[in-house]
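Undergrad: Take a look and give me a structure for this.
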Amino acid sequence: RLVWCYGLNTYGELGIDSSEEYMDEPKKVEVLQNIVDIGAGNCHAAAVDKDGYVHTWGLNSSGQLGDGGIEDSKVPKKVEGLSNIIKVEAYRDKTFALASNGYIYAWGQGYEKTPKVIYTDAIDICENSFITKDIPVQEDVDLGETGSGNFTVAGVTGAYPSNSEIDLGGNYFYVQDYPQ
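TA: Numbers count the residues shown, from 1 in each chain. Next comes the predicted model:
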């Protein structure tokens, strides 16, 4: 699947290597192919390709791109040290990834600037979310929607249907099966 986008681009969050602050026509994110999941935070985005690698781009003020620094990126870059990822969620100024072995990685605001394991026993419950039991949450860090009891649901992004439009915080990303 390919990714197309339009909308605000103040910090390069569209991933199209442009300095224009707004794009009103969809543009293909050239370096992304075979994408199976995508998510967007305040001004950054993350995607997972079919080989299980994470790519991030946009604002990096809190290390949410996972490259160890705070320099923004106008194009998607592979996050080093991650593999076998099946889902990704970009939330505010932080990013989360779920690996096929049940590990959840986090980086950005409230975490380090590179991915670190925060949980080791997540269960993929459906194509739209993953669930963890007794997850250790830092005091001021919000993982997303919290369920009742001792379960937390995080990463509500899922795999999107072919040729669908996804509204992610004022920006629009298209996931398309075939090039046009």
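Undergrad: my read: residue 62 touches residue 94, true?
TA: Yes. Using CB atoms under 8 Å, residue 62 is in contact with residue 94, at 6.9 Å. All C-beta spots, glycine's among them, are computed from the backbone N, C-alpha and C.
Undergrad: what about these two, which has more around it?
TA: Just comparing residue 62 and residue 94: by other CB atoms under 10 Å the higher neighbour count belongs to residue 94, 23 against 20.
Undergrad: dump the residue contacts of the residue lying closest to the more buried one once chain neighbours are set aside.
TA: Using CB to CB, 6 or more residues apart in numbering and skipping the chain neighbours, the partner closest in space to residue 94 is residue 108 (3.4 Å). Under the criterion of CB atoms under 8 Å, 6 or more residues apart in numbering, the neighbours of residue 108 are 41, 62, 63, 64, 65, 66, 93, 94, 95.
Undergrad: before we move on, what about residue 115?
TA: 54, 66, 79, 81, 82, 95, 97, 105, 106, 107 are the contacts of residue 115 under CB under 8 Å, 6+ apart.
Undergrad: Give me the buried subset of the residues you listed.
TA: Among the contacts of residue 115, those classed as buried by 16 or more other CB atoms under 10 Å are 54, 66, 79, 82, 95, 97, 105, 106, 107.
Undergrad: quick one: which of the residues you listed is nearest residue 23?
TA: residue 95 (22.7 Å; CB to CB).
Undergrad: Can you name the residues bridging to that closest one?
TA: Beta-bridge pairing for residue 95 (DSSP bridges): residue 90, residue 107.
Undergrad: Would you check that my belief about it contacting residue 67 is correct?
TA: No. Using CB under 8 Å, residue 95 makes no contact with residue 67, being 11.1 Å away.
Undergrad: Next, show the common contact partners of the two.
TA: Residues touching both residue 95 and residue 67 (CB under 8 Å, 6+ apart) are residue 56.
Undergrad: Under the pLDDT cut-off, which ranges of the protein? List them.
TA: 122-180 (pLDDT under 70).
Undergrad: that older thread, just give me the closest of the contacts of residue 115 to residue 13.
TA: So of the contacts of residue 115, ranked by how close each gets to residue 13 (CB to CB), first place is residue 95, at 12.8 Å.
Undergrad: just the helices in this structure please.
TA: Taking DSSP state H to define them, one finds no helices in the chain.
Undergrad: Let's have the buried ones among the contacts of residue 115 in TSV, adding distance to residue 48.
TA: Shown next, in TSV, are the buried ones among the contacts of residue 115 (distance: CB to CB, whole Å):
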residue	distance to residue 48
54	6
66	13
79	10
82	9
95	11
97	7
105	12
106	15
107	15
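Undergrad: Thanks again, I'm all set now.
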